[in-house]
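**Student:** Return a 3D structure for these sequence lines:
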Amino acid sequence: MKNKQVDYLFNEEYNLNVRNKKVYKYNKKLLKIFIKNNNKNKILKNEETKLLLKLCIRKLENKKNYIRRLYDEFELIEYFGFTKVFLQVYEILELAGNIPHIIRGSSGSCLLCYLLAITDIDPIKENICLSRFMHKNRQSIPDIDIDFPHNLRDEIYLKVFNRWEDKVARISNHIMYKEKSAIRQAIREEGYNKMIRRDFKLEDIFDNQEQIDRVIKKSKKLINNFRCYSLHCGGIIIFPNKVPENLILKNFDIKNGIEGKQIWMNKDQVEDADMIKIDLLSNRGISQLLDISKKKICDYEKNDIDVYKLLSSGLNLGLTQAESRGMRKILVTLKPTSIEELAIALALIRPAASRNYQKSAFLRDYSIYNNKQNRYKYIIFDDDATLFIKKLLNCNESLADNIRRAFSKNKTKDKIIFKRILYKKFRKREVVNKIYEQLEQLSYYSFCKSHAYSYANMVYCLAYHKLYNPKKFWFSTLNNCNSSYRKWVHFREAKKAGIKLSLGRKPWYLVNNELRSEKSIYPLFNNSIKQYFEYGYWISDSFLPNMYYNEYWTKLTKRHKIAKNEKYTIKNKDNTEILYAKFRGIIATGRVFKKEHKKGFLTFVTISNEDGVYHDLVIYGAKKISKMVCLSGYGKVKDDGYSRYIDVLKFKSEIL
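**Tutor:** Residues are numbered from 1 along each chain as shown. Okay, the predicted model is just below:
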């Protein structure tokens with residue numbers, strides 16, 4: 001079955017020469033021997049296959065599993081007409097030249113991508129199944145998503161739009177009305193044209209109850225309907241001829257006033273139309289790494305014990321993709337000693353792997369058994385779901401991946417069919433519901449295995465430089481990272497590493513590979529608190545004044561409320577001592593979390609009372625942390641075996 005977009009493959013002139021003749025002859029010879037010995041189809045007569053083989057720069061391992069895998073991939077590529085996507089990505093990377101990249105998504109599952117140096121992940125070595133990327137029942141064209149340095153991606157766009165002039169366009173997102181946006185639109189349709197505050201109430205806008213009822217009724221009709229277009233984060237389509245006029249939505253600015261075309265189709269419509277979509281995405285971690293060293297990620301030895309010790313100790317601040325407090329807990333618990341375990345840690349933090357308490361159960365089992373084989377009870381990677389379904393139904397990977405895809409894309413009809421199959425096999429509603437619930441988590445964001453491995457390699461390299469080149473690491477971190485932590489956190493960590501800070505928009509710069517402080521473009525304040533409110537950080541050697549953290553033991557001999565919002569009380573009969581803590585600290589980060597299977601919210605906050613020391617707080621209810629600066633109060637110190645935190649009993653927000 002040929003793809004619509006490959007018909008013009010040889011009508012265009014490609015400047016695609018053999019990259020390495022020795023590699024080409026060696027790989028071709030291995031495939032020929034395999035075809036002859038196994039009576040396989042002569043796929044090497046196909047001109048498209050030969051062209052892809054000529055572009056390989058890595059030698060194929062002289063092992064049966066490698067040769068068979070490459071043959072199977074070529075068969076799929078020939079049958080579905082997937083050649084074009086590999087050629088387009090190859091040429092984009094040629095245009096990129098020395099600009100580094102990593103692959104996100106499932107293309108790391110493909111051995112051909114590894115041989116073409118599109119990815120540096122060897123799927124055979126890492127035991128990554130091909131079905132996540134392509135299989136015999138896949139009708140849609142597989143995506144290849146590329147991450148470039150965030151500050152150089154526009155240069156890639158310029159090169160791509162110049163190379164395929166008038167033939168390339170970016171796709172759109174279709175923004176739908178949600179509850180809040182629907183109410184705002186209904187308010188405007190009711191004739192109210194003034195500014196609507198974030199925390200508005202309908203009673204403050206309309207005096208008439210009939211108007212309020214009409215607004216509520218209109219908003220309910222608007223929910224999940226089309227609202228507007230936005231520019232997709234990176235998806236492009238390269239057309240065989242000019243971009244069709246009926247698809248063009250508008251032009252967008254690429255860089256410095258140079259414009260490119262945007263089409264109205266979104267990613268689902270593109271997929272349904274059998275178009276090749278390539279995502280040119282950006283990653284601040286690559287920018288961060290590039291500013292420290294020009295060394296390629298694949299050239300680092302990934303076995304430095306001290307680097308893994310740094311990760312296992314929870315010193316993850318500044319590591320793009322791996323610096324959250326939740327990630328710290330996982331790293332401390334898992335204590336990774338390999339890229340595989342680091343990839344598991346990165347996958348565990350994603351919403352799909354965290355659902356239904358799976359993350360907690362996995363971490364508990366891992367710490368008890370300390371056996372990585374135990375992880376196969378859980379769906380951590382997307383690939384795990386495919387293998388789980390394959391084993392469950394005793395079917396091939398192709399069918400299993402289609403079922404996985406049905407859950408991840410929330411295709412109701414396919415899910416119902418799968419549920420009926422489960423009922424026929426197990427005949428127990430409890431068993432079926434448990435399996436179904438476990439797979440339902442796939443509708444949330446998750447990592448496939450090759451994606452996690454790509455990011456794990458990048459995180460390792462960043463951790464390596466944090467350990468051995470701390471000044472350069474923090475210099476690059478301040479220049480490139482967009483952290484979930486507040487601005488002052490990275491600046492204080494940089495100061496600890498020996499960087500001299502000054503106040504201003506650009507506090508320092510690099511000259512002849514040496515860090516030098518820049519004169520302030522604003523007058524300096526002697527007061528650290530004034531500096532904090534003016535710039536978001538302060539430059540004095542000492543921490544902000546009047547911060548503290550004190551722990552103390554208390555015997556409970558009378559009734560005591562566990563938390564302010566809980567109705568019940570407990571009575572301690574044996575006078576057990578309980579550890580409490582009083583605190584006053586500046587907020588480093590925080591987020592609101594909705595309880596699973598329960599009503600209500602929790603607010604997780606991290607505070608600091610001195611440089612490099614952070615304390616995690618758990619506050620009941622949803623709190624607007626973004627409007628707070630400093631918290632003081634007290635609570636019970638708890639340790640769940642993986643991390644230490646304070647169960648807050650009383651707190652108040654303070655101004656420094």
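**Student:** Now do the strands in the stretch 201-350 of the chain.
**Tutor:** With strands called from DSSP state E, counting those that start in this stretch, the stretch 201-350 of the chain shows them at 226-238, 248-255, 258-263, 277-283.
**Student:** With mean pLDDT added, can I get those strands in TSV?
**Tutor:** Below are these laid out as TSV (pLDDT from 0 to 100):
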stretch	mean pLDDT
strand 226-238	94
strand 248-255	92
strand 258-263	94
strand 277-283	95
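**Student:** which one of the ones you listed is the most hemmed in?
**Tutor:** Burial of those is given as mean neighbour count (mean count of other CB atoms under 10 Å); strand 277-283 ranks first at a mean of 20. To be clear about C-beta, it is placed using only N, CA and C from the backbone, and glycine gets the same treatment.
**Student:** what lines up beside that one in the sheet?
**Tutor:** With DSSP bridges as the test, strand 277-283 is paired with strand 144-149 (parallel), strand 226-238 (antiparallel).
**Student:** dump the residue contacts of residue 460.
**Tutor:** Going by CB atoms under 8 Å, 6 or more residues apart in numbering, residue 460 touches 300, 302, 307, 339, 342.
**Student:** picking that back up, how about the strands of the stretch 201-350 of the chain, which one is nearest residue 594?
**Tutor:** Ranking these by proximity to residue 594 (CB to CB) places strand 226-238 first, at 24.2 Å.
**Student:** Pull the distance from the closest one to the chain's centre.
**Tutor:** On the basis of CA atoms, centre = their mean, to the nearest Å, strand 226-238 sits 19 Å off its chain's mean C-alpha point.
**Student:** quick one: contacts of it?
**Tutor:** So strand 226-238 is in contact with 88, 145, 153, 160, 164, 167-177, 181, 185, 249, 252, 262-267, 270, 275-282, going by CB under 8 Å, 6+ apart.
**Student:** could you redo the last one with a cut-off of 6 Å?
**Tutor:** Strand 226-238 has contacts (CB atoms under 6 Å, 6 or more residues apart in numbering) with 88, 164, 167-173, 175-177, 252, 267, 275, 277-281.
**Student:** Send over it as CSV, restricted to the C-alpha atoms.
**Tutor:** Taking C-alpha atoms only, strand 226-238 is exported to CSV below (Å, rounded to 0.1, in the frame of the first residue of the first chain):
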residue,chain,number,x,y,z
PHE,A,226,-14.2,25.2,18.3
ARG,A,227,-12.9,28.5,19.7
CYS,A,228,-9.9,29.6,17.5
TYR,A,229,-6.7,28.5,15.8
SER,A,230,-3.2,28.7,17.2
LEU,A,231,0.2,27.9,15.8
HIS,A,232,1.3,24.3,16.5
CYS,A,233,4.4,24.1,18.6
GLY,A,234,6.5,22.6,15.8
GLY,A,235,4.6,20.5,13.2
ILE,A,236,5.4,21.1,9.6
ILE,A,237,4.2,19.6,6.3
ILE,A,238,6.4,19.5,3.1
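**Student:** Mind naming the longest strand for the chain?
**Tutor:** The longest strand of the chain (DSSP state E) is strand 577-594.
**Student:** Flag every buried residue along it.
**Tutor:** Neighbour-count burial for strand 577-594 flags 580-581, 583-590 (criterion: 16 or more other CB atoms under 10 Å).
**Student:** re the thing from before, nearest approach to residue 493 belongs to which of the strands of the stretch 201-350 of the chain?
**Tutor:** Using CB to CB, the nearest of the strands of the stretch 201-350 of the chain to residue 493 is strand 277-283, at 21.0 Å.
**Student:** Touching the closest one from outside, list them.
**Tutor:** Residues outside strand 277-283 that contact it (CB under 6 Å, 6+ apart): 143-148, 150, 153, 156, 234-236, 270.
**Student:** and it, how far out from the chain's middle?
**Tutor:** With CA atoms, centre = their mean, you get 13 Å for strand 277-283.
**Student:** Same check on stretch 291-301?
**Tutor:** Using CA atoms, centre = their mean, the offset of stretch 291-301 from its chain centre is 21 Å.
**Student:** Quick check: end-to-end length of that stretch?
**Tutor:** Length of stretch 291-301, first residue to last, CA to CA, to the nearest Å: 19 Å.
**Student:** returning to what we had before: nearest to residue 651 among the buried residues of strand 577-594?
**Tutor:** The closest of these, once distances to residue 651 are taken by CB to CB, is residue 583, at 8.5 Å.
**Student:** which residues sit in contact with the closest one?
**Tutor:** residue 549.
**Student:** what do you get for residue 322?
**Tutor:** 316, 459.
**Student:** Can you check the pLDDT for it?
**Tutor:** Residue 322 carries a pLDDT value of 95.
**Student:** Distance check, it against residue 32.
**Tutor:** Distance, residue 322 to residue 32, by CB to CB, to the nearest Å: 44 Å.
**Student:** likewise residue 404?
**Tutor:** 35 Å.
**Student:** Same question for residue 383.
**Tutor:** Separation of residue 383 from residue 32 (CB to CB): 31 Å.
**Student:** do the same with residue 628
**Tutor:** Counting by CB to CB - residue 628 and residue 32 are separated by 68 Å.
**Student:** any weak-confidence spans in the stretch 201-350 of the chain?
**Tutor:** Flagging of the stretch 201-350 of the chain using pLDDT under 70 yields an empty set of residue ranges.
**Student:** Now do the helices in it.
**Tutor:** Counting by DSSP state H, counting those that start in this stretch, one finds helices in the stretch 201-350 of the chain at the ranges 202-205, 209-222, 267-272, 284-292, 305-312, 325-334, 339-348.
**Student:** I'd like to know which of the ones you listed is closest to residue 476.
**Tutor:** helix 284-292 (3.9 Å).
**Student:** per-domain residue ranges of this protein.
**Tutor:** 4-137+155-162, 168-281, 469-535, 548-654 (automatic domain parsing).
**Student:** returning to that earlier point: quick one, which of residue 404 and residue 32 is more surrounded?
**Tutor:** residue 404 (25 against 12; other CB atoms under 10 Å).
**Student:** With distance to residue 71 as added columns, please give the contacts of strand 277-283 in a markdown table.
**Tutor:** Shown next, in a markdown table, are those (distance: CB to CB, whole Å):
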| residue | distance to residue 71 |
| --- | --- |
| 143 | 23 |
| 144 | 21 |
| 145 | 26 |
| 146 | 26 |
| 147 | 30 |
| 148 | 32 |
| 150 | 38 |
| 153 | 36 |
| 156 | 33 |
| 234 | 32 |
| 235 | 31 |
| 236 | 31 |
| 270 | 30 |
